[in-house]
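1. 3D, please:
(2 chains)
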Amino acid sequence: MLRFALQAAFLVAVGSLLLYLVDNVVGNLERLGIPTGFDYLDQPAGFAIPDSDFSSAQSLGDALIVGVQNTIKVSFLGIVLATVLGVLIGVARLSSNWLVRRAAALYVETFRNIPVLVIILFWYLGVVLRLPPIGEAVEIPDLTVISNRGLVVPWFDQVGAGSAFVLAAVVGVAAAGAVWIWRTRRFDRTGQPHHRALWSGAVLVTILAVGFFASGSPWVLETPERGERATTGGFRLSPEYAALLVALALYTASHIAEIVRGSILAVPRGQTEAANAVGLTGFHRMRHVVLPQAFRISVPPIANQYLNLLKNSSLGVAISYYEVTKVTRVSIAQQAPAVQAILLLMAIYLVFSLAIALATNLVNRRLTVKGQR
Amino acid sequence: MTTRIDALEQLPVPEGPPRRRLPPRQWARENLFGSVLDSVLTVLFGLFLAWAAYRVAKFVFVDADWEIIERNLTTLLVGSFPRDELWRLWAALFVLAASLGFGAGAIGAQRRREVAEGRALPAPKGLAIRRLGPLVVLVGVLLWFGGSLSSLLLVLAITGVAFAFNLVGRLWPERLQRYVPLVVLIFVGVAFLVVVAFGGVKWNDWGGLLLTLFLAVGGILMSFPIGVLLALGRRSSLPAVRVVCIGYIELIRGVPLITLLFMGAFMIGFFLPPGVERPDPVIRALIAFVMFTSAYVAEIVRGGLQSVPSGQIEAAQALGLSAYRTTRQIILPQALRNVIPGIVGQFISLYKDTSLVFIVGLADLLTIAENITKQPDFFAQGLIVETLIFASFIYWTGSYWMSRESQRLEQRLGLGER
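-> Presented below is the predicted three-dimensional model:
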């Protein structure tokens, strides 16, 4: 009975505090004549988004969608780069070579102890914007053009109808999946090496190649070329995007490196010794004994770093990269109601967080050894 | 009669294996040129590191124009703090140095007693110098930029006070040992009062590094009790309390800090009844930091609570302690000791995260570092690299120093009576 009363009292206290705040917000909004709903999303934005097709006549809701896309763009590539770099550096920290070990430690200690915002500003204001103007751009022929307008890399240019190739790609992925399952079953049945990654990879590449040429090579790789005022061809990474991407990747890599190192060290030494005892060589010992176990340990903290990278991408607002936070910030400046806009922004990030948490749980469940905690 | 536990505690702490010392030639063969691949790596990395070191050194000592830092040093450190009130900060530094010296002395004396009783290993030689290294470098660099004779003398005087109080700490009687943290806290409180009380300077005039530190220290101090309550609430047996606490923690951990700062900057006014004045920007940012950090502190404290063996709780219940006393006297003391390194880690994150107020326009270290490049004398000369490197250096030394201290603490707590 007392428990019930306590909980009821607690809920009433929390509830009335919330109610008080909500009441104040609604009252203030009405007093100031600010709309209370989310209808404002249909209003014209009044600002354009650089490096996109978004024009100022489109609605604020559409602007937010472009913002979400930009957040995903920078976070996804950032996660890929940070993982590759982080794993390399994490392994390098355990190298038997003193110099390599110290260099990796220097990298980690440098980047871990500087605020990520300072790194972002440094890359944007200190590096990218101080690159030469387009007329004097650095050009590596057939590869890239680097100037203060960004980085241009080779990209595919569509010259024919691509639908046949897309169909071939779908078939290829399905076939590769089937081969994977077949190899796995065969391995379970006979115990012979499955080499499933090799098998399905080969099937996929073959079907893609055949499909590409059979449909008359619908894409060509176009290399950037420097002109007087602009570069033609290729795909341009805007200065903001490039700076944010590099800074986030470098910063997160230093954290991932520490996790990788810690996870490898956390594999009990008995495992390595047992691998030695059954005669595995250095590579096989890492590949089949140490790394699989280290990987299992490292999944939750690395997923946490992915989430951090995604949340840190909100700092794009400081260098005017139009991800979802910057779009919200500009919307507020353009008379969008602040309360709704910020709540919506938080909700968007919560959805992102939940998605990453769900994916982590799925991976974790698959990796958990049965009978182990 | 000694019980078995006492006997165990008096066992000498085992020393680690002796460190191998190799002659340089053999050391190089083992660590640099173990195999062909190793040798190639060594040469490649050696060349790259040498080149990078050359570039950095050339920039710092030859190419960079540090005049902008020299002329704005006071602004970078304290922002628009009234210049004729600067003596308050110097006075506060004196008091803080005294408390630091006193605390270190008292802890050192305690440690020596433990060593004498064979309960701890003696500290390696030169440890104190290595521990203070980053701070010495920081002060040295600041003096180099701001090198006036008076500031040099003041720094020397502060160092002298620290050493004097170190002696006081060493002579502090053992039976008063448990009042040491209290004395240190009183010192810190006095330092704070020297700055703000008696017609002092309120925090809306604080800026630069001073504001950065105020937000970080104030943020962690205020989030700690809230975080502990949230963590206890999350493990409460009352479902309603649990759900509310979990909801708050997960909500905050799912959104970026900047959204909370935006909330402070644009929304707080709407939450207040009409006619109530909005708190000033510094306090609004502080509220955002406290809301954010308390959720993370709660998770750290939860880890600490979980690390208390359930036997402890069962034993307390067997003794007939109430739920409140079990929590207050059995669980929390053990749990909180285990979370100290985690809290220090969170403090370091917060110290770095305070730079985000750049986006909402408070004059912290980073904001000032960016703003001074727009002064007429320095405008459009690309000096942002110099100012950002200077800001990075300050952030870096603080963060690196604290993370090293936290590691030491972690080792000590692990080595202690557990």
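
2. now the helix or strand hosting residue B:385: how far from the chain's centre is it?
-> In this assignment (DSSP states H and E), residue B:385 forms part of helix B:384-415. A distance of 8 Å separates the centroid of the chain from that of helix B:384-415, by CA atoms, centre = their mean, to the nearest Å.

3. same deal with stretch A:6-13?
-> 42 Å.

4. swap in stretch A:305-320?
-> Worked out by CA atoms, centre = their mean, stretch A:305-320 lies 10 Å from the chain centre.

5. May I see the buried residues of that stretch?
-> With burial defined by 16 or more other CB atoms under 10 Å in any protein chain shown, the residues of stretch A:305-320 counted as buried are A:305-319. (Each C-beta comes from the backbone N, C-alpha and C, glycine too.)

6. Kindly report the same for stretch A:204-218.
-> Of the residues in stretch A:204-218, those buried (16+ other CB under 10 Å) are A:204, A:207, A:208, A:211, A:212, A:215, A:218.

7. which two in these are spaced the farthest apart?
-> Greatest spacing in the buried residues of stretch A:204-218, by CB to CB: A:204 and A:218 (18.3 Å).

8. Could you list every helix and strand in contact with the helix or strand hosting residue A:357?
-> Per DSSP H and E, residue A:357 falls inside helix A:338-367. Packing partners of helix A:338-367 (3 or more CB pairs under 8 Å, 6 or more residues apart in numbering or on different chains; DSSP states H and E): helix A:60-92, helix A:291-312, helix A:324-333, helix B:239-253, helix B:257-262.

9. who in the stretch 1-150 of chain A is up against chain B?
-> A:3, A:6-8, A:10-11, A:14, A:21, A:24-25, A:27-29, A:31, A:95-100, A:103, A:109-110, A:112-118, A:121-122, A:125-126, A:130 (CB under 8 Å from any CB of the partner chain).

10. Give me the buried entries from the residues you listed.
-> By the neighbour-count criterion of 16+ other CB under 10 Å, those include these buried positions: A:7, A:10, A:24-25, A:28-29, A:95, A:97-100, A:103, A:109, A:112-118, A:121-122, A:125-126.

11. Now, these that are in helices?
-> Using DSSP state H to define helices, the subset of those located there is A:7, A:10, A:24-25, A:28-29, A:98-100, A:103, A:109, A:112, A:116-118, A:121.

12. Figure out how far stretch B:334-354 is from the centre of its chain.
-> 8 Å.

13. Check which residues of that stretch are buried.
-> Buried, per 16+ other CB under 10 Å, within stretch B:334-354: B:335, B:338-354.

14. Repeat that for stretch B:203-221.
-> Buried, per 16+ other CB under 10 Å, within stretch B:203-221: B:203, B:205-216, B:218-220.

15. out of those residues, which are inside strands?
-> Among the buried residues of stretch B:203-221, no residue falls in strands (DSSP state E).

16. between those residues, which is closest to residue B:273?
-> Out of those, the member with the shortest distance to residue B:273 (by CB to CB) is residue B:203, at 24.7 Å.

17. my read: that closest one touches residue B:211, true?
-> Yes: using CB atoms under 8 Å, residue B:203 is in contact with residue B:211, at 7.5 Å.

18. Kindly calculate the angle that the helix or strand hosting residue B:100 makes with helix B:384-415.
-> Using DSSP H and E, residue B:100 maps to helix B:86-116. Between the axes of helix B:86-116 and helix B:384-415, defined by axes from the mean of the first three to the mean of the last three CA atoms, to 10 degrees, the angle is 30 degrees.

19. so, in contact with chain A or not, the helix or strand following helix B:86-116?
-> As assigned by DSSP H and E, the chain's next helix or strand after helix B:86-116 is helix B:127-145. No: using CB under 8 Å from any CB, helix B:127-145 stays clear of chain A, coming no nearer than 10.1 Å.

20. Please name every helix or strand in contact with helix B:127-145.
-> helix B:67-78, helix B:149-171, helix B:384-415.

21. Can you add mean pLDDT, distance to residue A:195 and mean neighbour count and give those back as a markdown table?
-> Listed next are these as a markdown table, based on pLDDT from 0 to 100; distance: least, CB to CB, whole Å; neighbours: other CB atoms under 10 Å in any protein chain shown:
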| stretch | mean pLDDT | distance to residue A:195 | mean neighbour count |
| --- | --- | --- | --- |
| helix B:67-78 | 81 | 60 | 19 |
| helix B:149-171 | 82 | 66 | 15 |
| helix B:384-415 | 84 | 44 | 18 |
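
22. mind listing what the residue of the stretch 101-250 of chain B found nearest chain A touches?
-> For the stretch 101-250 of chain B and chain A, the shortest gap (CB to the nearest CB) falls at residue B:240, measuring 3.9 Å. Neighbouring residues of residue B:240 by CB atoms under 8 Å, 6 or more residues apart in numbering or on different chains: A:7, A:8, A:10, A:11.

23. Need the helices and strands packed on helix B:127-145 in TSV (columns: distance to chain A).
-> Listed next are the helices and strands packed on helix B:127-145 as TSV, based on distance: least, CB to the nearest CB, whole Å:
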stretch	distance to chain A
helix B:67-78	14
helix B:149-171	24
helix B:384-415	4
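
24. could you point out which element follows the host helix or strand of residue B:340?
-> In this assignment (DSSP H and E), residue B:340 forms part of helix B:332-353. Using DSSP H and E, the helix or strand that follows helix B:332-353 in sequence is helix B:357-360.

25. okay, which residue is most central for chain A?
-> Closest residue to the average C-alpha location of chain A: residue A:76 at 2.5 Å, with CA atoms, centre = their mean.

26. Could you measure from that one over to residue B:266?
-> 29 Å (CB to CB, to the nearest Å).

27. for residue A:155, same thing?
-> As for residue A:155, its distance to residue B:266 is 39 Å (criterion: CB to CB).

28. So which of these two has more stuff around it?
-> Using other CB atoms under 10 Å in any protein chain shown, the more surrounded residue of residue A:155 and residue B:266 is residue B:266, with 19 against 14.

29. ok, now which ones touch the nearest residue to the more buried one once chain neighbours are set aside?
-> Excluding the flanking residues, the one nearest residue B:266 by CB to CB, 6 or more residues apart in numbering or on different chains is residue A:338, at 3.9 Å. Applying CB under 8 Å, 6+ apart, we find residue A:338 in contact with A:332, B:266, B:267, B:270.

30. Make a markdown table from the residues you listed and add secondary structure and pLDDT to it.
-> Formatted as a markdown table, the contacts of residue A:338 follow (DSSP: H, G, I helix; E, B strand; the rest coil; pLDDT from 0 to 100):
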| residue | secondary structure | pLDDT |
| --- | --- | --- |
| A:332 | helix | 88 |
| B:266 | helix | 85 |
| B:267 | helix | 84 |
| B:270 | helix | 83 |
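
31. ok, so of those residues, who is nearest residue B:328?
-> residue B:267 (36.5 Å).

32. for the chain, which spans come out with low pLDDT?
-> If you meant another chain, say so; for now it's chain A. For chain A, the stretches with pLDDT under 70 are A:227-231, A:369-373.

33. was after chain B, sorry
-> B:1-20, B:124-126, B:199-200, B:413-418.
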